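Engineer: Could you look at this predicted model? Sequence included:
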Amino acid sequence: MDAVPPNSFDFSVWEIWGALLRGGRLVVVPDEVVSSPQDFHALLVAEQVTVLSQTPSAFYALQSVDVSQRELASQLTLEAVVFAGEALEPARLGAWLDNHAGLPRLINMYGTTETTVHASFREVTLGDVDSSASPIGVPLSHLGFLVLDGWLRPVPVGVAGELYVAGRGVGVGYVGRSGLTGSRFVACPFGGVGARMYRTGDVVSWGPDGQLRYVGRVDEQVKIRGYRIELGEVRAALAGLEGVDQAVVIAREDTPGSSGWSVMSPNPWPGWWIRWWCARSWGGGCRRIWCPRLWSLWMCCR
């Protein structure tokens, strides 16, 4: 099994212990290899990896390399690729499925840290490639999915609603953040006394086949390399710059696997100033800044 996400990413819990508890061999990928789709593709072949866990955006970049290196691609020993961390776009997997019929199995597993990482299962097939939907599948056996409207009433098949998760995998709450805990971990009106459910903030709908489909978010949260980014918080922080009246922040992906966010503002601040401000405000950094009037700020999620 291949361990790609850093230890701070909840995905790593399943990767590490899923392999070791089953007697598997864990391949820890060096940072310099993770950032190079070509080197990563070669590592999968050299280490004879059988199970790969990746965010969809990272896999799209790997797929581009796989298509261009047919001889090396034929040497892959992958049996399963597990997606998580971002909304999957099956329509972008056509080239991979054409080149790798049968194996590896492509599995989409929706989940959140608050529900102990993975919460659902859906195997992606060629039929999904022809659809614009992002299939989530069905809940794992220890969890239950509820798709509710604003009054906590179940919505009919095909109607979008907010996803709530109940069951043994639901966490207790956020450490030291009672207000946020109260708004996200709420009483479940469909369970027994004291039953709780997690409000995900994800908008979904049930399909006629009993499978869940991801629609979007109820807020401005986006996923970049599997990390949660609140565009509203980014915009508010940038609005704190002296002389900035307003700013617009959007998520974007210029090339497969290189997702990030862009800031547009009428103020001609130099890129280095924006980078310094972000580092000071958020205790981290940004890279790959394009200036002067449109800044592409790529989060250093390491």
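Structural biologist: It's in.
Engineer: Mind giving me the packing neighbours of the helix or strand where Tyr198 lies?
Structural biologist: Secondary structure from DSSP states H and E places Tyr198 in strand 196-206. Counting contacts by 3 or more C-beta pairs under 8 Å, 6 or more residues apart in numbering; DSSP states H and E, strand 196-206 is packed against strand 143-148, strand 161-167, helix 178-184, strand 185-187, strand 212-217. Just so you know, the C-beta spots here come from the backbone N, C-alpha and C atoms, and that holds for glycine as well.
Engineer: cutoff 6 Å now
Structural biologist: With contacts taken as 3 or more C-beta pairs under 6 Å, 6 or more residues apart in numbering; DSSP states H and E, strand 196-206 sits against strand 161-167, strand 185-187, strand 212-217.
Engineer: what's the least confident stretch among the ones you listed?
Structural biologist: When these are ranked by mean pLDDT, strand 212-217 comes last with a mean of 87.
Engineer: Wait, Val203 touches Leu163, no?
Structural biologist: No. Contact between Val203 and Leu163 fails when scored by C-beta atoms under 6 Å: they sit 7.4 Å apart.
Engineer: Name the nearest residue to Arg70, sequence neighbours excluded.
Structural biologist: Asn99 (7.4 Å; C-beta to C-beta, 6 or more residues apart in numbering).
Engineer: Number of residues surrounding that neighbour?
Structural biologist: If you count neighbours by other C-beta atoms under 10 Å, Asn99 ends up with 14.
Engineer: now Thr125
Structural biologist: Per other C-beta under 10 Å, the neighbour tally for Thr125 reads 13.
Engineer: Ok, Val33 next?
Structural biologist: 15.
Engineer: So it lies in a helix, does it not?
Structural biologist: Yes. Per DSSP: H, G, I helix; E, B strand; the rest coil, Val33 lies within a helix segment.
Engineer: where does it land on pLDDT?
Structural biologist: Predicted confidence (pLDDT) for Val33: 92.
Engineer: Reduced to three states, what does the nearest residue to it once chain neighbours are set aside come out as?
Structural biologist: The shortest distance from Val33 to any non-neighbouring residue, by C-beta to C-beta, 6+ apart, is to Asp39 (4.6 Å). Three-state assignment for Asp39 (three-state DSSP): helix.
Engineer: mind checking how far Asp39 is from Glu162?
Structural biologist: Going from Asp39 to Glu162 by C-beta to C-beta, to the nearest Å gives 41 Å.
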